[in-house]
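Peer 1: sequence and predicted model, in that order:
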Amino acid sequence: MEYQFLNLTYESNIAIVEINAPPANTLSTKCISELRATIQDVATREDIHGLIITGGGRFFSAGADIKEFVPALGDTQKGLELSKAGQSLCNEIEGLQKPVIAAINGPALGGGMELAMACHYRIASEGAVFGLPELKLGLLPSFGGTQRLSRITNTATALDIILTGKQLTSKEAQDLDIVQVTVPEEDLISTTVTVATSFVDGKSMTGVKRVIECVVKGSKEPLEDGLERERNQFADLFLTTDAKEGVQAFVEKRKPQFNHS
């Protein structure tokens, strides 16, 4: 598939998606559609074990394309469609059963920050900034920002960031667990590839997928429901060839040779 707003490259079994919509990598409807198509493709490809999302140029993403809002004003249905498109993208990223890491190279604002928060892990360059300024437009974060930010931080912190519309530095975002790692800009991609590789290298993807499902879904449900899913997934793995190989390799003190089944 040819992309108008994305660059797609590979580092071994890790796919790297670069948003390429200068000057600010806005998430237009077409850009969102391309990102969703990429996520769906990665989900079906057995040769791809992880995904990195980053931005080209100075921005990670400045968020939604505000120009698309103009013809939607006064039309509730169009407003719903714009929000649903962004939420669907973020839900698909979060729901991908392969590690998704945001390599945040510059400003991640509005929908750009919401996109980053949907990723399983976030690494930022020292010069990146974060913010949800939608209230200054008379709107609110609608790609999942009101929900994910409060879950990542807490209710009071989410309200503070959204209501003030202030921008956070990478260090401030890391202190709030919005970002896990901050690195110099020149080390961003190499560090992110190293982290992504560490998540999947030497592991059975059959197990990796189940871990992601248990953690992501479990974070939004009662503990007992999450524990039930965990034990069911654990038991199901006993039927897989990878579990047999992994246990046998441990007993024989050798590296396992997983076939991801």
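Peer 2: Ah, there it is. Numbering: from 1, shown residues only.
Peer 1: now stretch 79-86: mean pLDDT?
Peer 2: For stretch 79-86, mean pLDDT rounds to 97.
Peer 1: ok, and what's touching that stretch?
Peer 2: Contacting residues not belonging to stretch 79-86 are listed as 27, 29, 32-33, 64, 68-69, 72, 111, 114, 142-144 [Cβ atoms under 8 Å, 6 or more residues apart in numbering]. (Each C-beta comes from the backbone N, C-alpha and C, glycine too.)
Peer 1: switch the cut-off to 10 Å
Peer 2: For stretch 79-86, the external contacting residues (Cβ atoms under 10 Å, 6 or more residues apart in numbering) are 27-29, 32-33, 36, 63-65, 68-69, 72-73, 75, 91, 110-111, 114-115, 118, 139-145.
Peer 1: before we move on, what about stretch 165-176?
Peer 2: 104, 107-110, 113, 116, 122-137, 149, 152-154, 157-158, 160-161, 178-183.
Peer 1: return a PyMOL selection command for the buried portion of the residues you listed.
Peer 2: To isolate the buried members of the contacts of stretch 165-176 in PyMOL, using 16 or more other Cβ atoms under 10 Å:
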select buried, resi 104+107+108+109+110+113+116+122+123+124+125+127+128+129+130+131+132+133+134+149+152+153+158+161+178+179+182+183
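Peer 1: hang on, the earlier thing: which among the contacts of stretch 79-86 count as buried?
Peer 2: Buried among those by 16+ other Cβ under 10 Å: 27-28, 32, 36, 63-65, 68, 91, 110-111, 114-115, 118, 141-145.
Peer 1: return the distance of the lengthiest helix in the chain from the chain's centre.
Peer 2: Longest helix in the chain, counting residues (DSSP state H): helix 76-95. Helix 76-95 sits 15 Å away from the centroid of its parent chain (Cα atoms, centre = their mean, to the nearest Å).
Peer 1: check which residues of it are buried.
Peer 2: The neighbour-count check on helix 76-95 (16+ other Cβ under 10 Å) flags 82-83, 85-87, 89-94 as buried.
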